[in-house]
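Enquirer: With the input below, show me the fold.
(one chain, ligands or ions: 1)
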Amino acid sequence: MTRTLVGSRAATARREPPRVSRWSSIPELPWAGSALAFTRRPITFLERAHAECASDIVRFGYFGKTLYSVRGREATELFFDSVNLDLKGGFVEIFGGLLPKRFLGEEDDDLYAFSKKRSVFNFGAYLDAVHVSTDEVLRELGKSGEIDLFELSSQLSFRAASRFMLGETIASPGFFARWRELFFATNPVESLGRFQWNLVNPLFWRKQNELFAELEALLARLIDAKDPVPPGEERSFLELALNTVYARKSREQAVAHVYMMFLAAYLNPTLTLGWTLVDLLRRDRENPHRFSVQDELRRAHARHPDGPLPRAALDELSILQLCVMETLRLRIRAVNVRKIVNEPFVFRGCEIPVGALVCNSPTFAHLDPESYDAPLEHRPERWLGTPELERATMTARYMPFGTFAHICPGKKLSHVWLKVAISELFRRFDVEIAGSIPNVREGIMPVLADRDGPCIARYRRRA
Ligand code: HEM
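Expert: All right, here's what the predicted structure looks like:
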């Protein structure tokens with residue numbers, strides 16, 4: 001039986017959603033114009049697309065495919081309330097065009113299901129890894145100096161993610177340095193950067209392939225060197241995977257999966273921590289939250305003077321939690337292109353067919369004046385008493401960790417990690433912003449907005 005996903009307001013007659021045409025500068029290749037515009041400034045493109053078509057549902061060409069965009073509370077609620085919980089779409093959909101096929105492997109349901117298991121992300125097992133990594137990075141900062149806040153977050157996140165994803169061996173200096181170098185050289189966000197033209201440059205791909213081969217060899221060595229760990233005693237994502245799903249996979253598939261999982265575990269946490277620090281420390285506007293958070297941390301550290309805050313004390317950092325939530329709301333500037341409907345989706349009389357790629361950008365939800373007073377203002381206190389705070393859940397107006405069936409399995413873990421990183425940084429250092437605040441750089445790959453430059457901060461270790 002075909003169930004049809006329709007809203008109460010859906011009309012019975014179905015038609016195709018309006019097609020965006022204005023940016024299709026090459027008529028014979030109608031998708032090219034849209035795709036290029038889309039990859040450069042996705043949100044701007046989508047905003048204009050919806051405005052041009054005067055519709056909350058539009059379609060346009062995207063690298064040879066038709067992509068649908070739905071926006072607004074009504075459409076989002078429809079998705080949320082829907083029975084269409086099997087919305088497909090995984091890593092291959094995102095990276096398909098960007099990584100060599102050999103490296104990517106085929107879409108694999110087992111691997112995909114494994115990466116989504118909440119139990120795989122049981123943070124309790126990884127808290128030690130986060131403490132050790134945070135301590136290492138903060139020690140390496142020395143007594144005082146200047147650093148880009150995003151570089152600092154990148155170091156904290158890379159080290160913590162390496163430990164809890166891959167285990168202790170990653171910390172051996174030669175391996176760690178080369179892995180980091182190769183990861184940055186090959187990850188699509190860093191390597192393609194703004195220059196989407198690299199996509200059609202064969203020399204770029206030749207070089208990328210060499211780098212991928214090296215990365216593959218390095219990760220394969222790590223996998224082969226792992227001693228078996230009895231089930232139940234696993235301390236890293238890799239150990240869990242080797243005991244379960246990787247046992248049935250080729251080494252190539254395991255390598256590809258580790259690489260992609262690492263991308264998910266590193267990228268958004270880095271940007272979330274970077275922007276949270278920027279928002280907490282900025283002085284270019286009235287910012288009482290900076291002092292409230294510092295007071296809250298001082299009180300917590302006074303109760304636990306001997307080391308990092310225990311889990312329960314981290315959970316009680318409620319002002320910091322409000323600030324993180326507000327940063328996550330405001331800093332999302334990208335498109336979540338990850339839904340493939342597997343049942344017809346009908347919205348305002350327009351039908352999105354089975355198999356179509358649909359995006360429902362959190363940016364629209366997060367900046368919607370119907371959902372928020374003064375949506376462009378940074379007001380952490382707006383979350384007090386809300387279900388989003390009380391139940392730490394995603395809703396049709398707040399979805400920084402994604403939506404529907406594809407909600408991020410690292411959500412809980414990331415909230416705890418962010419609090420460890422921030423509380424340890426402020427416990428050990430006085431930090432203040434010394435340079436200008438960067439602007440948001442729109443992107444398609446990271447769900448969270450990238451920055452268009454550094455945010456230099458001065459730090460001094462406390463006595
Ligand atoms: C602040 C940190 C993070 C943010 C803001 C974030 C955000 C997101 C978002 C928006 C999605 C897309 C969901 C969708 O398609 O609707 C996602 C998916 C995912 N994230 Fe995260 N994430 C974070 C941290 C992590 C961490 C630490 C891990 C792993 C340890 C992780 C693993 C994943 C995985 C595996 C998916 C794919 C889920 C699926 O497609 O079903 N994320 N994340």
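
Enquirer: Now do the strands in this protein.
Expert: Listed in chain order, the strands of the chain (DSSP state E) span 5-6, 57-62, 65-70, 144-148, 339-340, 345-347, 350-352, 357-359, 429-433, 440-441, 450-451, 456-461.

Enquirer: could these go into a markdown table alongside mean neighbour count, distance to the ligand and mean pLDDT?
Expert: Any C-beta I mention is one placed from the backbone N, CA and C, and that applies to glycine too. Output for the strands of the chain, formatted as a markdown table (neighbours: other Cβ atoms under 10 Å; distance: least, Cβ to the nearest ligand atom, whole Å; pLDDT from 0 to 100):
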| stretch | mean neighbour count | distance to the ligand | mean pLDDT |
| --- | --- | --- | --- |
| strand 5-6 | 19 | 17 | 44 |
| strand 57-62 | 23 | 16 | 83 |
| strand 65-70 | 22 | 13 | 84 |
| strand 144-148 | 14 | 19 | 97 |
| strand 339-340 | 21 | 7 | 76 |
| strand 345-347 | 24 | 15 | 85 |
| strand 350-352 | 23 | 16 | 89 |
| strand 357-359 | 22 | 10 | 83 |
| strand 429-433 | 16 | 20 | 96 |
| strand 440-441 | 16 | 15 | 81 |
| strand 450-451 | 21 | 13 | 82 |
| strand 456-461 | 17 | 20 | 98 |
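
Enquirer: Now tabulate those in JSON lines and tack on distance to residue 204.
Expert: What follows is these, written out as JSON lines (distance: least, Cβ to Cβ, whole Å):
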{"stretch": "strand 5-6", "distance to residue 204": "41"}
{"stretch": "strand 57-62", "distance to residue 204": "21"}
{"stretch": "strand 65-70", "distance to residue 204": "22"}
{"stretch": "strand 144-148", "distance to residue 204": "26"}
{"stretch": "strand 339-340", "distance to residue 204": "28"}
{"stretch": "strand 345-347", "distance to residue 204": "37"}
{"stretch": "strand 350-352", "distance to residue 204": "34"}
{"stretch": "strand 357-359", "distance to residue 204": "25"}
{"stretch": "strand 429-433", "distance to residue 204": "35"}
{"stretch": "strand 440-441", "distance to residue 204": "20"}
{"stretch": "strand 450-451", "distance to residue 204": "20"}
{"stretch": "strand 456-461", "distance to residue 204": "31"}
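
Enquirer: Which of those sits closest to residue 408?
Expert: Closest to residue 408 of the strands of the chain is strand 339-340 (Cβ to Cβ; 14.1 Å).

Enquirer: counting contacts, what elements does that closest one pack onto?
Expert: Contacts defined by 3 or more Cβ pairs under 8 Å, 6 or more residues apart in numbering; DSSP states H and E place strand 339-340 against strand 357-359.

Enquirer: Paired strands for the strand it packs on, with orientation please.
Expert: Taking DSSP bridges as the criterion, strand 357-359 forms sheet pairs with strand 65-70 (parallel), strand 339-340 (antiparallel).

Enquirer: centre of the chain versus it, how much separation?
Expert: Relative to the centre of its chain, strand 357-359 is centred 17 Å away, using Cα atoms, centre = their mean, to the nearest Å.

Enquirer: Neighbours of residue 56, how many?
Expert: A count of nearby residues for residue 56, using other Cβ atoms under 10 Å, gives 19.

Enquirer: That one and the ligand, how far apart?
Expert: Separation of residue 56 from the ligand (Cβ to the nearest ligand atom, to the nearest Å): 19 Å.

Enquirer: Would you confirm that that residue contacts residue 71?
Expert: Yes. Counting by Cβ atoms under 8 Å, residue 71 is a contact partner of residue 56 at 5.3 Å.

Enquirer: residues touching residue 378, list them.
Expert: 279, 285, 326-327, 330 (Cβ atoms under 8 Å, 6 or more residues apart in numbering).

Enquirer: ok, and the most crowded of those residues?
Expert: Busiest of the contacts of residue 378 [other Cβ under 10 Å] is residue 327, holding 25 neighbours.

Enquirer: how about CSV for the contacts of residue 378, with distance to the ligand and pLDDT added?
Expert: Converted to CSV, those look like this (distance: Cβ to the nearest ligand atom, whole Å; pLDDT from 0 to 100):
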residue, distance to the ligand, pLDDT
279, 14, 95
285, 24, 73
326, 13, 96
327, 10, 95
330, 13, 92
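
Enquirer: Quick check, residue 330 in contact with residue 366.
Expert: Yes. Here residue 330 reaches residue 366: they are 6.9 Å apart, a contact under Cβ under 8 Å.
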